[in-house]
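**Q** The following comprises the amino acid sequence and a computationally predicted model.
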Amino acid sequence: MNERKVAIIGAGFGGMTAAWDLARAGCQVTVYESADYAGGIASGFKEPHWDWSVEKFYHHWFASDDHMLRLLDELGVRDKVLFPRPYTVMYYNGKFYPFDSILHAVLYPGLGFGINKVRFGMVGLYLRMTNNWRPLEKYTVDAWMRKWAGRKVYEEMWEPMVIGKFGERYAKQVSMAWMWARLKARTTRLGTYEGGFQAFADLFAERLRGMGVDIRLNTPVTGFKPLAAGGWEVTSAGQMETFDQVLSTTSPGLLAKMAPDLPATYLDGLLSLKSMGAMVMVVSLKQQLSREGYYWFNLPKSTGFPFLALVEHTNFVSPQHFGGEHIIYMGDYLETEHEHFQMSQEQLLAKFLPSLQRINPAFSPEWVNNAWLFRTAYAQPVPLVNHSRNIPDVRTPLPGLYFASMSQVYPWDRGTNYAVEIARRAAGMMLADQSDRHG
């Protein structure tokens, strides 16, 4: 068989995983990446005096992330994965309470000590035990939870998270299958990579280059089109190159823009998918913010915090990796029209910092060493009722063009584990289609 030329758009974890599988199968692989680094939305940044990088948008692995852990095994770096057990807390009546174990859930005062606590436990147990999510996708989280968990449990425990994730516009429309997947797959132990996720992305990229994969950073693709004789023409920086197959790991909207030759029904399907953007402010502090050593603070929007989550990264991994600095994230999922997408870093910092006194009354703006602002328009797909009908096929209707994105991992929530899974599925299809054509 002739060596097949394959183009992959995007050097995130998904794009690099597909490149790994395709290159090992003997394909000649070129990866196009518009940024000057590999890693996509899981990438990080590093100050000169830090030993580790910090993720721009906080990322974890879960102990149940089998696809990711298998890939790490294949790369021979599984021993570099660390699984600390940090503290997650819930806000109730002006105080924070640990909420990351059955015992802590029983002791949490927000649900009282009667039937509500029983209903919370029974619903959680049912969702973890059942493997059949299909009937659940016919209902919204709002309707199903109000019926089975009850109004008090839902409004106290789940509704703030759903509103925080999807905003007021979509909160009452989100499929219950999404909530099932979230509770089913997640573990209390959270994993990271020694040196930070960027260290893993850099190692992965180097490993691919060593196999002959051509990773082109700073090289945005402006479009690709099918050729009459078969194959694809990919255009980047005015240069055109031909390939036998193309895999896009971009957002649905970007694929629609780059491949206007797709049939109208597939294009319409791409453009009808909804998603939320994300905004994260990373701040370096001179001292620890949470005196109790809490890591993840869930902050209901109704309590007046100007962001959804506060995460003290250095209560998860040691501040020694960052020159003794204490790193916090202030993050939120927002529609891109939200004012926080327009405000400057200075304006947002002025708006956010006063809230830190609610975490630690002794906090002062003088604690701040530095701050970094990151925003992305495509961070959280919005899964509506019966969403499985809306998922674009990995094999697009145009022969030789494939699509693998976090908008297709439903019912699972977006994350690197599922980016790896869908990328491997796409690579398998590409190899099978090559065999069919030349078998």
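**A** Received it, and whenever you're ready, just let me know what you need.

**Q** Could I get the average pLDDT for stretch 183-197?
**A** The pLDDT scores in stretch 183-197 average 85.

**Q** Start and end of that stretch, how far apart?
**A** One end of stretch 183-197 sits 24 Å from the other (CA to CA, to the nearest Å).

**Q** Give me the buried stretch members for it, please.
**A** 184, 185, 186, 190, 191, 192, 193, 195, 196, 197 (16 or more other CB atoms under 10 Å). Glycine gets a C-beta too; all of them are placed from N, C-alpha and C.

**Q** was I right about the fifth one contacting residue 81?
**A** Yes: because the distance of 5.4 Å satisfies CB atoms under 8 Å, residue 191 is recorded as touching residue 81.

**Q** Now do the shared contacts for the two.
**A** Listed as contacting both residue 191 and residue 81 by CB atoms under 8 Å, 6 or more residues apart in numbering are residue 61.

**Q** where does the stretch 301-439 of the chain have low pLDDT?
**A** Applying pLDDT under 70 to the stretch 301-439 of the chain flags the ranges 436-439.

**Q** redo that, cut-off 90
**A** 301-304, 336, 377-381, 390, 406-407, 409-415, 434-439 (pLDDT under 90).

**Q** Okay, strands next: where are they in it?
**A** 309-312, 326-334, 368-382, 401-403 (DSSP state E, counting those that start in this stretch).

**Q** And the contacts of the first one?
**A** Spelled out, that is strand 309-312. 58, 164, 288-290, 294-299, 326-332, 355-356, 359.

**Q** and with 7 Å instead?
**A** 58, 289-290, 294-299, 328-331, 359 (CB atoms under 7 Å, 6 or more residues apart in numbering).

**Q** Serialize those to TSV and add fields for distance to residue 45 and neighbour count.
**A** What follows is these, written out as TSV (distance: CB to CB, whole Å; neighbours: other CB atoms under 10 Å):
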residue	distance to residue 45	neighbour count
58	13	20
289	20	21
290	23	19
294	24	20
295	20	21
296	21	22
297	23	24
298	25	18
299	24	25
328	15	24
329	13	21
330	16	27
331	15	22
359	24	20
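
**Q** next helix or strand past the secondary structure element (helix or strand) that residue 268 belongs to?
**A** Per DSSP states H and E: residue 268 is located in helix 264-272. In the C-terminal direction, the helix or strand that comes right after helix 264-272 (DSSP H and E) is strand 274-285.

**Q** what is the mean pLDDT for the helix or strand just after that following strand?
**A** Counting by DSSP H and E, the next helix or strand C-terminal to strand 274-285 is strand 296-298. When pLDDT is averaged over strand 296-298, the result is 89.

**Q** now strand 296-298, how far from the centre of its chain.
**A** 17 Å (CA atoms, centre = their mean, to the nearest Å).

**Q** That one pairs with which strands?
**A** Using DSSP bridges, the strands paired with strand 296-298 in its sheet are strand 88-92 (parallel), strand 309-312 (antiparallel).

**Q** hey, which of those strands is tucked in deepest?
**A** strand 309-312 (a mean of 22; mean count of other CB atoms under 10 Å).

**Q** That strand: how far from the chain's middle?
**A** The answer for strand 309-312 is 16 Å, by CA atoms, centre = their mean.

**Q** Over to stretch 287-296?
**A** That offset, for stretch 287-296, works out to 24 Å (CA atoms, centre = their mean).

**Q** Compute the first-to-last residue distance for that stretch.
**A** 17 Å.

**Q** contacts for that stretch?
**A** Against stretch 287-296 from outside (CB under 7 Å, 6+ apart): 86-89, 96, 309, 311-312, 315-316, 326, 328, 356, 359-360, 363, 367.

**Q** Check the burial of residue 141 by counting its neighbours.
**A** 27 (other CB atoms under 10 Å).

**Q** And the pLDDT for it?
**A** The model's pLDDT for residue 141 equals 94.

**Q** re earlier: ok, which of the strands paired with strand 296-298 comes nearest residue 423?
**A** Shortest separation from residue 423 across those is recorded for strand 309-312, at 26.8 Å, computed as CB to CB.

**Q** Residue ranges of each domain in the protein, please.
**A** 5-42+67-73+195-273+392-438, 101-184 (automatic domain parsing).

**Q** so can I have TSV of those showing distance to residue 376?
**A** Shown next, in TSV, are those (distance: least, CB to CB, whole Å):
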stretch	distance to residue 376
domain 5-42+67-73+195-273+392-438	6
domain 101-184	15
